[in-house]
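My questions are about this predicted structure, shown below with the sequence.
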Amino acid sequence: MIDITATPGPDAATTPRRYAQAVFFIMLGVAFAPYLTWRPFDVLFTFSDFCLSIGFVLLLAAGRLPLSPLHGLSGLWLLSLGLLLAGLLAGSLINGDPDRWIIVALQYCFAILVIPMLLVRHTQQVLDRLALALVIGVTAMETFGIGVYYLFKGGYWDLYVFGANFITGTRRLGAFLSDGNWNGCVIAMTLPFVIHLIVRRRIPALAGYAILAILVLALVLAASVTALASAVVGVLVYAFVAGAWPSPRAVLAAFAVITLYFAAGGGIPQAFGLRVAPALQNENIAQAGSWVGRVGLMEEAWGLVEHTTILGLGVDQYRHVSIQGAPVHNMYLLVWAEGGIWSLIGWLGIITLLTIASASALVTDRRAAGLALALVTILVLASTASPHMYARMWVTPVFLAIGFALAARRPATVFPPSNQGNTQVPA
């Protein structure tokens, strides 16, 4: 019998060995979630998904699989997912390709049903280990990417030994996500975790600042305006909600490192100078990267959704009716066009429930609430510039942060809340 109400604790499992094994594979899945090119086939089933699937089976065998991971919000959660998929199904049956709907529906179910079951209902100690796994996985990928960026002497096609668009033709760091924008957004989602772990002294301050330096450099090399804006907003949300501000020594140290870099002759990376710097210098978003093209797609989508309110185009059909032959890079407009108003309501419901779950920890642990609200904010911003978001690299960090928020609500005898109040990041 699976216990859907018990909260996992260090001594609560009837089969602790299986639970420990499950946590190990979940940690691997979390660490490798951004490694999208690590898959044997074109289907989106990566090494991370394989590890998470093993973790799912082991949690099930241990009787530790929570069927209501979001507690009282789980019913509305299922309803929102049902609306999202039902609208896409209706459009696919009438206008599109039902076979394609099956594939996309399975992807969304894995991302929005299975992932929260694996990540949300754990102790603070396990959540800390999962957060460390995420930080280590992303930092390792970005460190390797930076090394290749500066040390590898081959040309564009030579770089394909590391995967498609590991470094794009315009010299943007895509890493194992094969896309500069996606890589930048993963970095943006990881930064609040690093700060959270530093504030809670789960990693030494010096090591944490070294990790932050690596991630910020990789963010610059990714040259994504969306990712840069998401990173800044996400960090600010965490700082305001958690009351965790950098110490004066940390600010001075960062300023000194940047000054020394430019004094030594270091310059702005080419892609960042072409795609991001002009928009910042001139305060004109139209000069940022592919902004004009994406706005054109969104304007086209606005005209299209007038005719798809009740019945959408069907999964992946937008690209076939678009003049530009590409899906609109805006999750809200895309699901509205392909699934009608029902799918849009479903996606908005998912975002709303994530926000409610995040804010539920404001009374008990502001730092946990700040982490979760920062991640949800980044997801919202990223979804304004992305198509379908069922890839696990989007949802894994978000649900992990939700896990911290929900853990903070549990009884203090089992899960003592973190200290409250303003906290300075240690120098």
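Good, I have the coordinates. Residues are numbered from 1 along each chain as shown.

residue boundaries of the strands in the protein?
244-246, 423-425 (DSSP state E).

what's the least confident stretch among those?
Ranked on mean pLDDT, the bottom entry among the strands of the chain is strand 423-425, at a mean of 48.

can you pull the contacts of residue 34?
137, 138, 141, 175, 176, 177, 183, 186, 393 (CB atoms under 8 Å, 6 or more residues apart in numbering). To be clear about C-beta, it is placed using only N, CA and C from the backbone, and glycine gets the same treatment.

Quick check on it: phi, psi?
phi -80, psi -10 (degrees, to the nearest 10).

can you tell me how far it sits from residue 189?
Separation of residue 34 from residue 189 (CB to CB, to the nearest Å) stands at 9 Å.

contacting residues around stretch 311-318?
87-88, 90-97, 100-101, 104, 301, 304, 321, 327-328, 334-340, 343.

Weed out the non-buried ones from those.
The neighbour count (16 or more other CB atoms under 10 Å) marks 87-88, 90-92, 95-97, 101, 104, 301, 304, 327-328, 334-340, 343 as buried among these.

Sitting in helices, which of those do you find?
Using DSSP state H, the subset of the buried ones among the contacts of stretch 311-318 located in helices is 87-88, 90-92, 101, 104, 301, 304, 334-340, 343.

And the helices in the stretch 251-400 of the chain, which stretches?
270-275, 277-282, 291-304, 318-321, 331-359, 366-383, 392-407 (DSSP state H, counting those that start in this stretch).

what about dumping the CA coordinates of stretch 346-359 to PDB?
Taking Å, rounded to 0.1, in the frame of the first residue of the first chain, the C-alpha atoms of stretch 346-359 are listed here in PDB:
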ATOM      1  CA  GLY A 346      -4.800  25.200 -17.900                       C
ATOM      2  CA  TRP A 347      -1.300  26.700 -18.300                       C
ATOM      3  CA  LEU A 348      -2.300  29.900 -16.300                       C
ATOM      4  CA  GLY A 349      -3.700  27.600 -13.700                       C
ATOM      5  CA  ILE A 350      -0.400  25.700 -13.400                       C
ATOM      6  CA  ILE A 351       1.500  29.000 -13.000                       C
ATOM      7  CA  THR A 352      -1.000  30.300 -10.400                       C
ATOM      8  CA  LEU A 353      -0.900  27.100  -8.300                       C
ATOM      9  CA  LEU A 354       2.900  27.300  -8.300                       C
ATOM     10  CA  THR A 355       2.800  30.800  -7.100                       C
ATOM     11  CA  ILE A 356       0.300  29.900  -4.300                       C
ATOM     12  CA  ALA A 357       2.500  26.900  -3.200                       C
ATOM     13  CA  SER A 358       5.500  29.200  -3.100                       C
ATOM     14  CA  ALA A 359       3.900  32.000  -1.200                       C
END
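
chain center to that stretch: distance?
Centroid separation for stretch 346-359 versus its chain: 15 Å, with CA atoms, centre = their mean, to the nearest Å.

ok, now stretch 229-240?
Using CA atoms, centre = their mean, the offset of stretch 229-240 from its chain centre is 14 Å.

what's the most distant pair in the contacts of residue 34?
For those, the farthest-apart pair by CB to CB is 137 and 183; their separation is 13.0 Å.
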